[in-house]
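Participant: how does the following fold in three dimensions:
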Amino acid sequence: MATWQTLCENKDFRTLYYRGKSLVHPGLVTYVRRNRLGYPRVGITTGKKVGCAVRRNRSRRVIREAFRPLWPRVGGYDIVFVARTRTPELKSTELTPVMERQLTQLGVMDHE
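Facilitator: Model (predicted):
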């Protein structure tokens, strides 16, 4: 029961890649840009470098579950999470603090 919207359009992803702020971690790359909607829109990308379809799907599930406890503290931002080769080996509980740290450094969340 997620109340954030999903980014689907290629132009939205490209806008974030070129005009958004980003932070890199061995398990996750985060791109952020403010939107005027008042609620978060989230996109998740996993390239072929991550592995076969099973590993890519696991990466998406892990990222989605890691973001689930954090989304109520995120306002009107477009966020793209990019999976890296280590992402499928991580658990969502290991990725949540990384994601929280990145979002705080990018100014999306407050220090709670």
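Participant: count of neighbours near R41?
Facilitator: Here the count is done by other C-beta atoms under 10 Å, and R41 has 19 residues near it. C-betas here are computed from N, CA, C, even on glycine.
Participant: and the pLDDT at it?
Facilitator: R41 carries a pLDDT value of 91.
Participant: list the contacts for Y77?
Facilitator: V32, R33, R34, N35, P40, R41, V108 (C-beta atoms under 8 Å, 6 or more residues apart in numbering).
Participant: just give me the neighbour total for V80.
Facilitator: Counted with other C-beta under 10 Å, V80 comes out at 22.
Participant: give me the element it is part of.
Facilitator: If you go by DSSP states H and E, V80 is part of strand 77-83.
Participant: quick check: V54 vs R61, distance?
Facilitator: 11 Å (C-beta to C-beta, to the nearest Å).
Participant: who has more neighbours out of the two?
Facilitator: R61 (13 against 9).
Participant: check which helix or strand E65 maps to.
Facilitator: Going by DSSP H and E, E65 is part of helix 53-67.
Participant: list just the nearest of the contacts of Y77 to R68.
Facilitator: Set against R68, the nearest of the contacts of Y77 by C-beta to C-beta is P40 (11.8 Å).
Participant: that closest one and T93, how far apart?
Facilitator: 21 Å.
Participant: and the two? Which one has more around it.
Facilitator: P40 (24 against 11).
Participant: surely that one touches W4?
Facilitator: Yes. In this structure P40 lies within contact range of W4 using C-beta atoms under 8 Å: 4.5 Å.
Participant: between these two, which contacts overlap?
Facilitator: W71, V74.
Participant: can you give me the strands in the protein?
Facilitator: Per DSSP state E, the chain carries strands over the ranges 5-6, 21-25, 28-34, 41-45, 77-83.
Participant: ok, now how distant is R101 from G27?
Facilitator: For R101 relative to G27 (C-beta to C-beta), the value is 12 Å.
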